[in-house]
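Asker: this one's sequence-less:
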């Protein structure tokens, strides 16, 4: 955890023990009580005098406020610190440094409750203790009735609805990560590893095309996700990179998936509304051998139409942010992908039938020789 003082602009990094001490500074805990709380979680943690020194340092840096019985901590005769905490209120924002697929970001939130919500949304990302040089700062704070998102002190978004501001925070962070990762071919869509682990598939489409719902249905059949909505592809081997970003799902998707007997360890209620975190991810690379471009055709049977090479390239490249950064590179990568994978326009009908059709086509592709057009 990193504390960020909004007035002094000072950062203070805390390890897990110090973070717990800070969380206990709620006006109800004395230093002795905090020490007992810490030892419950960390039996080999620092002595009470060390915890008192930490509390004193937090006060000196104005990371907490309150009254203590002494100006500096000192041990009493019976070994219990004479320093007590009558009331300590946080006057800081909370900053967490995330490492997201080669991109470092500090996310600052105004209190522990919102920090915990962001933490659940970003649960798949790595938290690091240090702040690497050049780290981008994302600051979510409240200005009157508005929630404001600033990036490197520049205001980017404002909304009276906290959940909307959280969506904007995640979207901006992922967008910046994609820009930073110019070494990867980006595609707007899901990537999954086949149940046998030998290959991977892509499901590319605009929002509302049914790609996330179909991705979840395939996961219920044994496919493992590399990513949903944002896929980063290694240019030479055409293997997707695992991006443990929470899925965005609406109530309709959730209803369809639960009706199709999803795995029992899928905890939809464990996340903020509109999010889902898969319990398992694909963790080994596998080359892409099938690409599906879904279109909804409600009330009809699912079908799949193979794409010729040129059509496949033109369709694939439209779903790439790489096209804006380097058009020639994007076209070359789209052509490479279309040459190495079977590409289909997928008519999405009944969810279970569509998932079965995709699984059948993937198995056929695995049995056939590598695609050559």
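Answerer: Nice, thanks for sending it over. No experiment lies behind these values; they were computed from the predicted model shown.
Asker: what ranges do the helices span in the protein?
Answerer: Secondary structure of the chain (DSSP state H): helices at 16-24, 31-41, 48-60, 112-121, 162-180, 211-219, 251-259, 309-317, 322-325, 327-340, 351-367.
Asker: which one of those is the most hemmed in?
Answerer: Mean neighbours per residue, mean count of other C-beta atoms under 10 Å, is largest over the helices of the chain for helix 211-219, with a mean of 25. To be clear about C-beta, it is placed using only N, CA and C from the backbone, and glycine gets the same treatment.
Asker: for it, packing partners?
Answerer: strand 185-193, strand 200-204, strand 247-248, helix 251-259, strand 288-296, helix 351-367 (3 or more C-beta pairs under 8 Å, 6 or more residues apart in numbering; DSSP states H and E).
Asker: One more pass at 6 Å, please.
Answerer: If you count contacts as 3 or more C-beta pairs under 6 Å, 6 or more residues apart in numbering; DSSP states H and E, helix 211-219 packs onto strand 185-193, strand 200-204, helix 251-259, helix 351-367.
Asker: Just send those back as TSV, with mean pLDDT too.
Answerer: Shown next, in TSV, are those (pLDDT from 0 to 100):
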stretch	mean pLDDT
strand 185-193	97
strand 200-204	97
helix 251-259	89
helix 351-367	89
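Asker: So for residue 335, which of the ones you listed sits nearest?
Answerer: strand 185-193 (11.2 Å; C-beta to C-beta).
Asker: returning to that earlier point: out of the helices and strands packed on helix 211-219, which gets nearest to residue 332?
Answerer: Residue 332 lies closest, by C-beta to C-beta, to one member of the helices and strands packed on helix 211-219: strand 185-193, at 9.2 Å.
Asker: Show me what the closest one is packed up against.
Answerer: With contacts defined as 3+ C-beta pairs under 6 Å, 6+ apart, the packing partners of strand 185-193 are strand 200-204, helix 211-219, strand 224-227, strand 230-233.
Asker: Of those, which is nearest residue 184?
Answerer: Per C-beta to C-beta, nearest to residue 184 of the helices and strands packed on strand 185-193: strand 230-233, 4.0 Å.
Asker: Show me what that closest one pairs with in its sheet, parallel or antiparallel.
Answerer: Applying DSSP bridges, strand 230-233 is found paired with strand 185-193 (antiparallel), strand 240-241 (antiparallel).
Asker: Redo the helices and strands packed on helix 211-219 as JSON lines? Include distance to residue 162.
Answerer: Converted to JSON lines, the helices and strands packed on helix 211-219 look like this (distance: least, C-beta to C-beta, whole Å):
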{"stretch": "strand 185-193", "distance to residue 162": "26"}
{"stretch": "strand 200-204", "distance to residue 162": "31"}
{"stretch": "helix 251-259", "distance to residue 162": "19"}
{"stretch": "helix 351-367", "distance to residue 162": "32"}
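Asker: Go through the ones you listed and name the closest to residue 159.
Answerer: Of all those, helix 251-259 comes closest under C-beta to C-beta, at 20.8 Å.
Asker: Would you mind putting the helices and strands packed on strand 185-193 into a markdown table with distance to residue 188 alongside?
Answerer: Shown next, in a markdown table, are the helices and strands packed on strand 185-193 (distance: least, C-beta to C-beta, whole Å):
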| stretch | distance to residue 188 |
| --- | --- |
| strand 200-204 | 7 |
| helix 211-219 | 9 |
| strand 224-227 | 11 |
| strand 230-233 | 7 |
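Asker: nearest to residue 286, of those?
Answerer: Closest among the helices and strands packed on strand 185-193, using C-beta to C-beta: strand 200-204, at 4.5 Å.
Asker: what sits against residue 220?
Answerer: The neighbours of residue 220, taking C-beta atoms under 6 Å, 6 or more residues apart in numbering as the test, are residue 262.
Asker: separation between it and residue 213?
Answerer: Distance, residue 220 to residue 213, by C-beta to C-beta, to the nearest Å: 11 Å.
Asker: Then residue 349?
Answerer: Distance of residue 349 to residue 213, given as C-beta to C-beta: 12 Å.
Asker: just residue 159 next, same as before
Answerer: Distance, residue 159 to residue 213, using C-beta to C-beta: 27 Å.
Asker: now residue 314
Answerer: The value you get for residue 314 to residue 213, if C-beta to C-beta is used, is 25 Å.
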